[in-house]
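J.: coordinates for the following, if possible.
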Amino acid sequence: MARPEQPIRAPDPELRALAEWLRTQRRTAGLTHRQMVDESRHAFSATTFSRAASGNRVPRLPVVEAYARACGAPVGEARRLWRAARYAEHRRRDPRAQAPAPDRVHDRAELNRALRALYHRAGAMPLGEMERRAGRHGELPHSTVLRMLAGSSTLAADQLMAFLEVCGVTDGAERIRWRDAWRRARRHQERARMGSRLTRAHEALAQRRGSGHDAPGPGPAIRWPAPYPPVGLAIGREQRAEPAPQPPTGR
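T.: You can find the predicted model right below:
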């Protein structure tokens with residue numbers, strides 16, 4: 001006979017809601033934790049399933065998904081409750097974390113903050129798990145996501161779409177908002193790069209002028225052509241040596 005489950009003492013209402021939902025699905029299916037192991041094709045142990053519904057901590061997403069499948073419950077609802085519980089845990093640990101909405105993103109830093117907040121709202125699953133769920137090899141490298149979360153780089157357009165998919169953003173209008181935010185951040189970055197190149201070019205020109213390589217003035221130095229030599233110098237020596245012709249005499 002299975003031992004009765006202990007009362008749920010979850011630190012967050014969202015975690016309590018997840019634990020209660022899991023317990024309800026198991027009772028509705030009429031399964032014990034050991035029977036769930038068979039139903040899940042031994043995906044996890046009976047102890048792991050029991051701990052998942054204890055409410056003591058947020059279980060891993062694969063465990064929650066396997067729990068729902070074993071009970072014949074909707075996996076999408078299990079994911080939604082899991083994400084809410086994980087985000088509540090994040091807010092409790094970092095209550096001051098703020099990020100702009102996609103419509104208010106204008107540069108790369110704001111885009112990364114917004115994506116980092118989305119990552120936590122989606123449950124902040126391990127990056128290796130995100131890469132696996134993205135599908136094809138290299139579509140969403142975990143190292144790229146790590147750099148984005150650290151704020152040192154941003155995602156490419158196709159990586160952004162894969163990131164949204166893994167984070168559960170499937171609504172078309174919402175995905176367009178994120179795509180437009182990415183484009184604004186990209187344009188801002190390109191303008192900043194162009195301004196940086198122009199600044200370096202002006203600094204290099206000013207340095208050259210200061211060192212005397214160029215003539216002072218608003219434009220580049222003009223090299224005037226050398227003047228033509230005097231006409232007399234252009235005559236050959238033989239021609240200069242000949243005596244001048246004498247006018248004829250009257251004799």
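J.: alpha carbons only for contacts and neighbour counts from here, please
T.: OK.
J.: for the stretch 151-251 of the chain, which segments count as helices?
T.: With DSSP state H, counting those that start in this stretch, the ranges of helices along the stretch 151-251 of the chain come out as 157-166, 172-210, 237-241.
J.: and those helices as a markdown table, adding mean neighbour count and distance to residue 88?
T.: What follows is the helices of the stretch 151-251 of the chain, written out as a markdown table (neighbours: other CA atoms under 10 Å; distance: least, CA to CA, whole Å):
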| stretch | mean neighbour count | distance to residue 88 |
| --- | --- | --- |
| helix 157-166 | 18 | 19 |
| helix 172-210 | 14 | 22 |
| helix 237-241 | 9 | 102 |
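J.: nearest to residue 107, out of those helices?
T.: helix 172-210 (4.0 Å; CA to CA).
J.: now that closest one and helix 157-166, what's the angle there?
T.: Between helix 172-210 and helix 157-166, the angle comes out at 150 degrees (axes from the mean of the first three to the mean of the last three CA atoms, to 10 degrees).
J.: hmm, back to that, quick one: which of the helices of the stretch 151-251 of the chain is nearest residue 85?
T.: Of all the helices of the stretch 151-251 of the chain, helix 157-166 comes closest under CA to CA, at 17.1 Å.
J.: mind giving me the packing neighbours of the closest one?
T.: helix 127-134, helix 172-210 (3 or more CA pairs under 8 Å, 6 or more residues apart in numbering; DSSP states H and E).
J.: what's the mean pLDDT across the helix or strand just after the shortest one?
T.: Using DSSP states H and E, the helix or strand that directly follows helix 127-134 along the chain is helix 142-150. For helix 142-150, mean pLDDT is 95.
J.: please apply the same query to stretch 192-212.
T.: What stretch 192-212 shows for mean pLDDT is 76.
J.: okay, now the unreliable bits of the stretch 51-200 of the chain?
T.: 137 (pLDDT under 70).
J.: kindly recompute the last result at 80.
T.: In the predicted model, the stretch 51-200 of the chain carries pLDDT under 80 at residues 95-97, 136-138, 193, 195-200.
J.: quick one, what contacts the closest residue to residue 82 other than its chain neighbours?
T.: Nearest residue to residue 82, sequence neighbours excluded (CA to CA, 6 or more residues apart in numbering): residue 18, at 6.4 Å. With contacts defined as CA atoms under 8 Å, 6 or more residues apart in numbering, residue 18 is in contact with 53, 55, 78, 81, 82, 85.
J.: max pairwise distance over the residues you listed: which two?
T.: Farthest-apart pair in the contacts of residue 18 is 55 and 78; separation 14.3 Å (CA to CA).
J.: neighbours of residue 124, how many?
T.: Residues contacting residue 124 under the criterion other CA atoms under 10 Å number 17.
J.: just say helix, strand or coil for it.
T.: Recorded secondary structure, residue 124: coil (DSSP: H, G, I helix; E, B strand; the rest coil).
J.: mind checking how far it is from residue 53?
T.: 20 Å (CA to CA, to the nearest Å).
J.: try residue 169
T.: 26 Å.
J.: which one's more surrounded, those two?
T.: residue 53 (26 against 17).
J.: and that one, how far is that from residue 93?
T.: As judged by CA to CA, residue 53 and residue 93 stand 22 Å apart.
J.: quick one on the thing from earlier: which one's more surrounded, residue 55 and residue 78?
T.: residue 55 (25 against 20).
J.: pLDDT score assigned to residue 249?
T.: 57.
J.: need the contacts of residue 18 in a markdown table with distance to residue 177 and secondary structure, can you?
T.: What follows is the contacts of residue 18, written out as a markdown table (distance: CA to CA, whole Å; DSSP: H, G, I helix; E, B strand; the rest coil):
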| residue | distance to residue 177 | secondary structure |
| --- | --- | --- |
| 53 | 36 | coil |
| 55 | 35 | coil |
| 78 | 26 | helix |
| 81 | 24 | helix |
| 82 | 25 | helix |
| 85 | 25 | helix |
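J.: going by distance to residue 143, which of those wins?
T.: Of all those, residue 143 sits closest to residue 82, with 24.5 Å by CA to CA.
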